[in-house]
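> Just to be clear, the model below is a prediction. Sequence and coordinates:
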Amino acid sequence: MPDWLLIAIRTLLAIVILFGMTKLLGKRQVSQLSFFEYITGITIGSLAAYISLDLDAKWYLGIVSLAVWVGFSLGIELLQLKSKKARDFIDSRSTVLIKDGKIMEENLKKERLTADELMEQLRKKNIFQAANVEFAVMEPSGDINVLLTKENQPLTPKHLGIKVAPEQEPQTVIMDGKIMDEPLATIGLSREWLNTELETIGVAIENVFLGQVDGYGQLYVDLFDDQIIVPKPQKKASLLATLKKCEADLEMFSLSTRAPKAKKMYEECAKELERVIEEIKPLLIR
């Protein structure tokens with residue numbers, strides 16, 4: 001067998017084995033790496049290259065070594081799941097870098113981090129003054145997480161005493177002009193409903209690049225042709241306007257009638273509807 005063909009076959013074999021073992025190790029191996037996982041990743045890559053290119057050695061020995069590394073890594077991960085002490089020893093603990101706006105110089109030295117590097121990490125989080133930081137910690141993965149002081153934290157609806165509706169996960173029901181049946185079923189909708197919504201806005205299914213339904217059953221579409229403007233859903237706004245009109249009508253009826261019982265009934269109904277509108281308004285103004 002020619003060397004080039006042998007290398008091609010061994011490379012394909014290494015790719016398949018490497019993919020399978022990486023899947024076995026889980027998502028952490030390709031996302032947030034600890035020190036040990038970083039070493040494991042480098043070693044596994046080197047062994048895969050050895051399996052692919054070293055024609056003078058027995059290729060199956062590389063697979064044995066790869067299997068040992070992966071097995072040992074799995075054992076370490078299971079040990080970390082079971083033991084807090086093992087996690088602290090293998091991954092190390094988090095290190096406080098800033099506390100109450102004061103930089104902890106000794107901890108910076110411990111992590112071999114300069115003031116310039118610390119400020120660079122803070123600027124990446126749009127923080128330009130260390131004094132604005134209540135608490136900053138370096139995680140075992142090397143990431144720096146920051147808590148701003150109360151006066152420097154961004155305002156939220158809770159700070160302003162505003163109630164907002166809970167946000168539910170939107171479902172992608174159209175992709176590349178094709179209907180996705182599973183997301184539709186997840187939110188209890190059908191193809192007939194989707195086709196009706198598309199007819200309402202005057203769009204054909206094959207012209208839709210992406211279509212999503214939010215938690216309130218409103219359809220948003222993005223078309224292949226960006227020059228076409230699609231009207232935004234107005235169902236919630238229409239419902240709020242209708243409820244307010246009903247409230248105004250009840251108040252008008254109470255003012256126009258001369259019958260005391262009817263007047264009282266209209267007034268009570270108007271007040272009750274006003275209370276309902278105030279409760280559901282956060283759901284309708286998003």
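The structure has been received and is ready for your questions. What you see is a predicted model; the values in this text were computed from it and never measured.
> Who are the contact partners of residue 111?
Each residue near residue 111 by CB atoms under 8 Å, 6 or more residues apart in numbering is listed here: 95, 97, 138. For every residue, glycine as well, the C-beta is placed using N, CA and C.
> ugh, wrong one, residue 211
Residue 211 neighbours (CB under 8 Å, 6+ apart): 172-175, 194, 219-222.
> Scan the contacts of residue 111 and report the most crowded one.
Within those, residue 97 tops the neighbour count with 25 neighbours, counted by other CB atoms under 10 Å.
> doesn't that one fall inside a strand?
Yes - under DSSP: H, G, I helix; E, B strand; the rest coil, residue 97 falls within a strand.
> Wait, it touches residue 113, no?
Yes - counting by CB atoms under 8 Å, residue 113 is a contact partner of residue 97 at 7.3 Å.
> so what sits against both of the two?
residue 138.
> Counting neighbours, what do you get for residue 177?
Residue 177 has 15 nearby residues by other CB under 10 Å.
> And the pLDDT at it?
At residue 177, the predicted lDDT confidence score is 89.
> before we move on, back to that, which one of the contacts of residue 111 is nearest residue 146?
residue 97 (9.1 Å; CB to CB).
> Chain neighbours aside, what residue packs nearest to that closest one?
Closest residue to residue 97 apart from its sequence neighbours, by CB to CB, 6 or more residues apart in numbering: residue 136 at 4.7 Å.
> now the one you found, which residues is it bridged with?
Bridge pairing for residue 136 (DSSP bridges) gives the partners residue 98, residue 146.
> so it touches residue 96, yeah?
Yes - the pair residue 136 / residue 96 is scored as a contact, 7.3 Å apart, by CB under 8 Å.
> if you count what's nearby, which of the two comes out ahead?
residue 136 (25 against 12).
> so what's the more buried one up against?
Residue 136 neighbours (CB under 8 Å, 6+ apart): 96-99, 122, 144-147.
> Buried only: go through these for me.
Buried subset of these (neighbour count, 16 or more other CB atoms under 10 Å): 97-98, 122, 144, 146.
> quick revisit: can you tell me which of the contacts of residue 136 is closest to residue 182?
Among the contacts of residue 136, residue 145 lies closest to residue 182 (CB to CB), at 35.7 Å.
> what's near enough to touch the closest one?
Listed by CB under 8 Å, 6+ apart, the contact partners of residue 145 are 136-137, 139.
> all helices of the protein, in order?
3-25, 35-53, 59-82, 84-91, 105-110, 115-124, 181-186, 191-201, 235-256, 260-284 (DSSP state H).
> Show me where the stretch 51-200 of the chain dips below the pLDDT cut-off.
For the stretch 51-200 of the chain, applying pLDDT under 70 flags the ranges 51-60, 62, 164-165.
> Output the helices of the chain in a markdown table, with distance to residue 153 appended to each entry.
Formatted as a markdown table, those follow (distance: least, CB to CB, whole Å):
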| stretch | distance to residue 153 |
| --- | --- |
| helix 3-25 | 38 |
| helix 35-53 | 32 |
| helix 59-82 | 33 |
| helix 84-91 | 29 |
| helix 105-110 | 24 |
| helix 115-124 | 15 |
| helix 181-186 | 35 |
| helix 191-201 | 40 |
| helix 235-256 | 30 |
| helix 260-284 | 22 |
